[in-house]
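Engineer: with the sequence up front, the predicted model follows.
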Amino acid sequence: ERDQEIIVERYKSGDLPPVDFQFEEMSLGTEKKSKSLIMRMSRSNLSQNRDKQNLFQKKRKLLKHIENYRFEIIKGTKEMRALQLMVQTYTETPDFGDASQFQQELDIVSQKVHKLEQDLTVLTRD
């Protein structure tokens, strides 16, 4: 079932399926030339549709990545605020313990959020 979901997701484009090509019967003498021309035309139409489909899938995947980055940034920002509050509380009330451990965590989280923001700006440029 997971394989089915992967295949459906990969080939889902949102576009209408291509129309069937109409082939006409030709006489034997010109049959080879016309078939090759028709085949070339149909191949070019199919490749254009594939390129269009690939662009749609790439756009959808890119938007999904952007959404994930925004969610992670929001989550990291909330974590930063909570750690800042803890550092402030531990600094004001030394009886609670040492605030330096939370300060280290705050530095790590703020670096992570900064990196996510940089990655997001790169993705939004694309």
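Structural biologist: Everything's here; your move.

Engineer: which element is the closest residue in space to Glu72 that isn't next to it in sequence on?
Structural biologist: Spatial nearest neighbour of Glu72, chain neighbours left out: Leu116 (5.4 Å); criterion: CB to CB, 6 or more residues apart in numbering. Glycine gets a C-beta too; all of them are placed from N, C-alpha and C. Using DSSP states H and E, Leu116 sits in helix 100-125.

Engineer: what ranges does the chain have for its strands?
Structural biologist: In the chain, no segments count as strands under DSSP state E.

Engineer: tell me where this protein has helices.
Structural biologist: For the chain, applying DSSP state H gives helices covering 2-11, 28-92, 100-125.

Engineer: counting by contacts, list what the shortest one packs against.
Structural biologist: Right, the one you point to is helix 2-11. The contact analysis (3 or more CB pairs under 8 Å, 6 or more residues apart in numbering; DSSP states H and E) places helix 2-11 against no helix or strand.

Engineer: avg pLDDT for that helix?
Structural biologist: For helix 2-11, mean pLDDT is 76.

Engineer: low-confidence regions, this structure specifically.
Structural biologist: 10-11, 13-53, 126 (pLDDT under 70).

Engineer: what sits against Thr89?
Structural biologist: Shown in contact with Thr89 (CB atoms under 8 Å, 6 or more residues apart in numbering): Phe96.
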